[in-house]
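J.: The following comprises the amino acid sequence and a computationally predicted model.
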Amino acid sequence: MYRQDAEATVQVDTLWRHARLATMAETRHGLGIVERGMIAAQDGRIVYCGDEAGCPTLQAREVVDCEGRWITPGLIDCHTHLVFGGDRVDEFRMKLAGARYADLARVGGIRATMAATRCATPERLAADALLRLDALIAEGVTTVEAKSGYGLDEATELRQLATARALSQHRRINVSPTYLGLHAVPPEFADDADAYVDLVAASLIPRIAAEDLAQSVDAFCEGIAFTPAQVDRVFTAARRHGLPVRLHADQLSDTGGAALAARHAALSADHLEHASEAGVAALAASGSVAVLLPGAFLRLRETRRPPVDALRRHGVRIAVATDLNPGSSPLASPLLAMSLAASLFGLTVEECLLGMTRQAAYALGRGARTGSLEAGKDCDLAIWSVEQPAELVYWLGLNRLHRRVCGGR
Ligand code: NIG
Ligand code: FE
């Protein structure tokens, strides 16, 4: 990894000095704090991260004096529906007037956004997604997951996935596109959801896998969406084609979603407000990450909190994400997501920060590449003008990001 120029001096691209580090390294305790820390990067990777004192002699092309600021890994938003057409402001007004999400879902909801997404031009779809992505980037996000699921026909689903992937041509960002074919039953199949499920399993999944259009497959398992049996068929097809799965599980009711996700060795099970103890135990056994989404909980005025104590007891990794979408969670702030996770779900500061970094990386199957500050990982950093990392969770709407580094730059 090092390039030896002179006998004892190692040449690197960039050195960040005089920093305090919250490394989030699993090998360290808690946030993995290093008080007098330094990071060196070469070719986009971290080659040294640790104490200034214990550092080998390095010669850098660029030296950045962090003046005592805190460095965390770049934030990872592991559950978003970033790419969609239009908005659902009208439904928001109706919700404020007392309408329920499940009722709105029947008359509009996901299908209202589907209609807007289908008729959006590719340029408009990309421009709107970029606008929202910029809000995430402004708060230190270096990796973002982006789901399809608002096309529900082949052409539009593929356009959503392509739009998500292309975002990294416009910004320095790692994008992980997810195919969410089973988000809602499209109107063309209103009388025969099973025929749509068959189409997804037999036609869309093989194509998406063959053309490498998505890195995982998601589904919405719920009374107002798809049954466990339908999800099972699509997940079986996905895994047969080498695509890992994740699930919108037990959000509004307990459908056994957590256990279903676990049976398919899901990367993550998301929402989980109604997950049972047995479901949580299954997630622990499968090593799936529990992704908690306080934005949707808040906006849907849910009262039942996800089983945080059970997740802790069973040792399930807990991640936190925005669920950025036009309906249940128009939340474009990872900092606010962490703050809400603390206040609404009772997560600790450490759980929130790990949930937006290391655990979120695992939820995307990228734990070996990013999510913590360790030699060998991608040099994805967020540099903060704060006195202590807890401020990232403490403030409601104050962004103290000083600078973001993605892939060493
Ligand atoms: O994660 N639960 C299903 N999907 C989204 C909501 C999508 C929408 O309302 O448009 C969610 O909350
Ligand atoms: Fe979602």
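T.: It's in. Ligands and ions are numbered 1, 2, ... in the order given.

J.: hey, where'd the strands end up in the stretch 101-250 of the chain?
T.: In the stretch 101-250 of the chain, strands defined by DSSP state E, counting those that start in this stretch lie at 141-147, 174-182, 216-219, 246-249, listed in chain order.

J.: most packed of the ones you listed?
T.: With neighbours taken as mean count of other Cβ atoms under 10 Å, those reach their highest mean count in strand 246-249, at a mean of 31. Where C-beta positions appear, they are placed from N, C-alpha and C, glycine not excepted.

J.: Name the residues that touch that one?
T.: 178, 216-222, 225, 231, 235, 255, 257-258, 260-261, 266-272, 275, 279, 291, 363 (Cβ atoms under 8 Å, 6 or more residues apart in numbering).

J.: near ligand 1, from those?
T.: Subset of the contacts of strand 246-249 in contact with ligand 1: F220, counting by Cβ under 6 Å from any ligand atom.

J.: Can you give me the buried ones in the helix or strand containing S339?
T.: Using DSSP states H and E, S339 sits in helix 334-345. For helix 334-345, a neighbour-count test (16 or more other Cβ atoms under 10 Å) marks P334, L335, L336, A337, M338, S339, L340, A341, A342, L344, F345 as buried.

J.: and what of stretch 116-130?
T.: So for stretch 116-130, counting by 16+ other Cβ under 10 Å, buried means A116, T117, R118, A120, L125, A126, D128, A129, L130.

J.: Among those, list the two that are farthest apart in space.
T.: The most widely separated members of these, counting by Cβ to Cβ, are R118 and L130 (19.7 Å).

J.: can I get the buried residues of helix 334-345 in JSON lines with pLDDT?
T.: Shown next, in JSON lines, are the buried residues of helix 334-345 (pLDDT from 0 to 100):
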{"residue": "P334", "pLDDT": "98"}
{"residue": "L335", "pLDDT": "99"}
{"residue": "L336", "pLDDT": "98"}
{"residue": "A337", "pLDDT": "99"}
{"residue": "M338", "pLDDT": "99"}
{"residue": "S339", "pLDDT": "98"}
{"residue": "L340", "pLDDT": "98"}
{"residue": "A341", "pLDDT": "99"}
{"residue": "A342", "pLDDT": "98"}
{"residue": "L344", "pLDDT": "98"}
{"residue": "F345", "pLDDT": "98"}
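
J.: coming back round to it: adding pLDDT and distance to T303 as columns, could you present the buried residues of stretch 116-130 in CSV?
T.: Output for the buried residues of stretch 116-130, formatted as CSV (pLDDT from 0 to 100; distance: Cβ to Cβ, whole Å):
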residue, pLDDT, distance to T303
A116, 98, 30
T117, 98, 31
R118, 98, 35
A120, 98, 35
L125, 98, 35
A126, 98, 38
D128, 98, 32
A129, 98, 32
L130, 98, 36
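
J.: possible to save these as JSON lines with distance to R240?
T.: Output for the buried residues of stretch 116-130, formatted as JSON lines (distance: Cβ to Cβ, whole Å):
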{"residue": "A116", "distance to R240": "33"}
{"residue": "T117", "distance to R240": "28"}
{"residue": "R118", "distance to R240": "29"}
{"residue": "A120", "distance to R240": "33"}
{"residue": "L125", "distance to R240": "30"}
{"residue": "A126", "distance to R240": "32"}
{"residue": "D128", "distance to R240": "34"}
{"residue": "A129", "distance to R240": "30"}
{"residue": "L130", "distance to R240": "35"}
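
J.: just to revisit the earlier point, could you redo the strands of the stretch 101-250 of the chain as JSON lines and give each row mean pLDDT?
T.: Below are those laid out as JSON lines (pLDDT from 0 to 100):
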{"stretch": "strand 141-147", "mean pLDDT": "99"}
{"stretch": "strand 174-182", "mean pLDDT": "98"}
{"stretch": "strand 216-219", "mean pLDDT": "98"}
{"stretch": "strand 246-249", "mean pLDDT": "98"}
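
J.: quick one: which of these is nearest L199?
T.: Each of these has some distance to L199 by Cβ to Cβ; the shortest is strand 174-182, at 8.6 Å.

J.: Now the terminal residues of stretch 73-84, how far apart.
T.: With Cα to Cα, to the nearest Å applied, stretch 73-84 spans 28 Å between its terminal residues.

J.: how about the helices of the stretch 151-300 of the chain, start to end?
T.: 154-170, 193-199, 205-210, 228-240, 257-263, 277-286, 294-299 (DSSP state H, counting those that start in this stretch).

J.: Tabulate the ones you listed in a markdown table, adding columns for mean neighbour count.
T.: Below are the helices of the stretch 151-300 of the chain laid out as a markdown table (neighbours: other Cβ atoms under 10 Å):
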| stretch | mean neighbour count |
| --- | --- |
| helix 154-170 | 19 |
| helix 193-199 | 17 |
| helix 205-210 | 17 |
| helix 228-240 | 20 |
| helix 257-263 | 26 |
| helix 277-286 | 20 |
| helix 294-299 | 23 |
